[in-house]
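just need the structure, nothing else, for what follows:
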Amino acid sequence: MYKILIDWLAFTVDKNFDAEKNGWSMERNAKDTMLDFLGSTWSSFEGHMAVNSGEFEITAGRAPYRYGLRYEGCTLYFSDNDNVNHVLFEVSGRGCDTLRGMGLLDEFIIKSRERATRIDLAVDLENDVMPTEFESEATNGRFKSHGVQKSSTGETVYIGGRQSERYCRVYRYFKPHPRAKFLRCEFVFRKGNAKLFAAQYVESGGDLNALALGAGQVYGFEHEAWNLTGDEILLSSYTPERRQGKTVTWLITQVAPAFKRLVDEDVIDDPVQFIYDHFLSEGNNNV
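Numbers count the residues shown, from 1 in each chain. Next comes the predicted model:
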């Protein structure tokens, strides 16, 4: 027995307001940005909230966003900083359940596919197999295990680099957790790979079974517990342009030492903010 679901979604939308627009609040401007982008899908989302007497809860932002609005696992991040030229809508596993319950998850994925920054595909397998045992029979040597985490609550194996655009985590909760009977394989797609996966999701008509089989093939899953059946979809992979080697070398050998010297001499008093203001703030929508 197994079940497959989308368990995370995040995408950005270009901001269509300045610090203040026509005297409206930042919160209203951020919501209007989503309304302009998603149209009736966003109206339906807010309509479901109203029917259930729900409303956004103001929550703390996170860099580079100053503000956040959250409802049942769905969080809208935004800022009044003109250098942050977009808003971020992030849907956690709980949020995906919320949107599924509203019948809106597919609409969100379809309309945001070209703006996706992260999307997770989760497969829950009902068995007693431990993650380390499952991973030991994966055959694709390109993806090495990058660590095992064990605690009193469960065990997790990471396959592929956690900072890369594509990796997998295999984990199991221990009893008495309500999901203890499942081994979960969670495929994480970020940035360019998130956009590619979202596009293939839409093109396949949301065929989660075929997409999951394709994802398992990428990592060479061969354990008998990986008992999905059917036809697979060969997943595309986004490969960033790698032809700028000389520029990278120049940054490392020339720019980095000069930057460190300026920090040591207190010419630059906040190096992190300096890098964000001068290198990351313009047109950087892949958060």
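
show me what contacts Phe89?
10-13, 34, 74-77, 112 (CB atoms under 8 Å, 6 or more residues apart in numbering). Quick note: C-beta positions are derived from backbone N, CA and C, even for glycine.

which ones among the residues you listed lie within helices?
34, 112 (DSSP state H).

export the contacts of Phe89 to TSV and tack on neighbour count?
Converted to TSV, the contacts of Phe89 look like this (neighbours: other CB atoms under 10 Å):
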residue	neighbour count
Ala10	22
Phe11	28
Thr12	21
Val13	20
Met34	20
Cys74	21
Thr75	22
Leu76	22
Tyr77	26
Ser112	24
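
out of the contacts of Phe89, which sit inside strands?
Judged by DSSP state E, the contacts of Phe89 include 10-13, 74-77 as members of strands.

nearest to His223, of the residues you listed?
Ala10 (29.8 Å; CB to CB).

of all residues in this protein, which one is nearest the centre?
Nearest to the mean C-alpha position of the chain, by CA atoms, centre = their mean, lies Arg118 at 2.6 Å.

quick one: average pLDDT of the helix or strand hosting that residue?
In this structure, Arg118 sits in strand 116-126 according to DSSP states H and E. Strand 116-126 carries an average pLDDT of 98.

next one: stretch 34-43
97.

any low-confidence regions in the stretch 1-150 of the chain?
17-24, 141, 145 (pLDDT under 70).

let's see that with 90 instead.
Counting by pLDDT under 90, the stretch 1-150 of the chain shows low-confidence ranges at 1, 15-26, 28, 52-53, 60, 80-84, 138-147.

helices of that one, start to end?
For the stretch 1-150 of the chain, the helices defined by DSSP state H, counting those that start in this stretch cover 26-38, 40-51, 93-102, 105-112, 131-136.

Leu251 is nearest to which of these?
helix 105-112 (32.4 Å).

for the residue found closest to Leu121 once you drop the neighbours it is linked to in the chain, give the beta-bridge partners.
Once flanking residues are discounted, Leu121 sits nearest to Phe187: 4.5 Å by CB to CB, 6 or more residues apart in numbering. For Phe187, the beta-bridge partners are Leu121, Cys168 (DSSP bridges).

heads up, I number from 336, so please use that
Okay, using 336 as the starting number, the last item reads as Phe522.
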